[in-house]
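Q: Sequence first, then the predicted structure, then my questions.
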Amino acid sequence: MSMTGKTVLITGASRGIGAEAARVFAANGANVVLFARSKESLHTLAAEIGDKALALAGDVSSYGDVEAAVQACVDTFGGLDVLIGNAGVIEPISRMATADPDGWGHAIDINLKGVFYGMRAALPVMQKAGGGTILTVSSGAAHGPIEAWSHYCSSKAGAAMLTMSLHQEESENGIRAMGLSPGTVATQMQREIKTSGINRISQMAWEDHISAEWPARALLWMCSPDSDEFVGSEISLRDEAILGRIGLA
């Protein structure tokens, strides 16, 4: 799918799914605005991609930072066509009885409020342009409890509801809202989960996790008309039919 002339803002773009999505979208012609806290990693990735990439260091838990990133899309590339709400954290992994309240709350700030901040900042620009696509990287954890992940499950469930709410409110304005549940992906987050030694996910063999290229390619496909029947819902890379549609089967 050609994304030539389109501008994509990716949160959590310094590593994992976000970084791979930046490579995939840029390879298909898009301008990519890379947003994350890790300035050095962002600039390394932007240098790898070339002129189509803009690196912006910031924190999704700060609405001012997110709003500035959206404005940079407009100022640098003339608009914003796709927002990928990918930034997320799994730490601190802990049972509720011993969870650090500040750490628990900070995870909510990033995983849930950060998704809302992206939507809120992007919507006026997309509405003015007559439409756009907003994709949220979700998780199977949004739909069922996992031991020691109360912060992650709760925030991902909230983000999934935000995506559905966005569809309800803005589909008539040309906004395509969708969620992607990628399954377990071989990223730094999985290393943190493995180190915790808590719950069944930490016990999985490394080779059982999929490559970050799979969700990156899924996100690209979700911008195409072929995915229109799934607008307003969440797709899962555990679904063999979906993998076939994307070309990953």
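A: That came through fine.
Q: Please enumerate the strands of this protein.
A: 7-11, 31-36, 53-57, 82-85, 132-137, 175-181, 234-236 (DSSP state E).
Q: which one of these lies closest to residue 158?
A: strand 132-137 (10.6 Å; Cβ to Cβ). C-beta coordinates here come from the backbone N, C-alpha and C atoms, glycine included.
Q: How far away from the center of its chain is that closest one?
A: In terms of Cα atoms, centre = their mean, to the nearest Å, the centre of strand 132-137 is found 8 Å from the chain centre.
Q: which residues touch the most centrally placed residue in the chain?
A: Nearest to the mean C-alpha position of the chain, counting by Cα atoms, centre = their mean, stands residue 86 at 1.8 Å. Listed by Cβ atoms under 8 Å, 6 or more residues apart in numbering, the contact partners of residue 86 are 10, 11, 12, 13, 17, 18, 21, 137.
Q: Residue 33 reaches residue 10, doesn't it?
A: Yes - with contact defined as Cβ atoms under 8 Å, residue 33 reaches residue 10; the gap is 7.0 Å.
Q: Looking at the two, which is more packed in?
A: residue 10 (31 against 26; other Cβ atoms under 10 Å).
Q: roughly how far apart are the closest residue to that one other than its chain neighbours and residue 240?
A: Once flanking residues are discounted, residue 10 sits nearest to residue 84: 4.6 Å by Cβ to Cβ, 6 or more residues apart in numbering. Going from residue 84 to residue 240 by Cβ to Cβ, to the nearest Å gives 24 Å.
Q: And the two? Which one has more around it.
A: residue 84 (29 against 10).
Q: Would you map the helices across the protein?
A: 16-27, 39-49, 63-77, 101-108, 114-129, 150-170, 188-196, 199-202, 213-221, 240-246 (DSSP state H).
Q: May I have the fourth one as CSV, with CA atoms only?
A: In this case it means helix 101-108. Extracted C-alpha coordinates of helix 101-108, given in CSV (Å, rounded to 0.1, in the frame of the first residue of the first chain):
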residue,chain,number,x,y,z
PRO,A,101,0.8,3.6,44.0
ASP,A,102,2.9,6.2,42.2
GLY,A,103,4.2,3.6,39.7
TRP,A,104,0.7,2.2,39.2
GLY,A,105,-0.6,5.7,38.5
HIS,A,106,2.2,6.5,36.1
ALA,A,107,1.4,3.5,34.0
ILE,A,108,-2.2,4.8,33.7
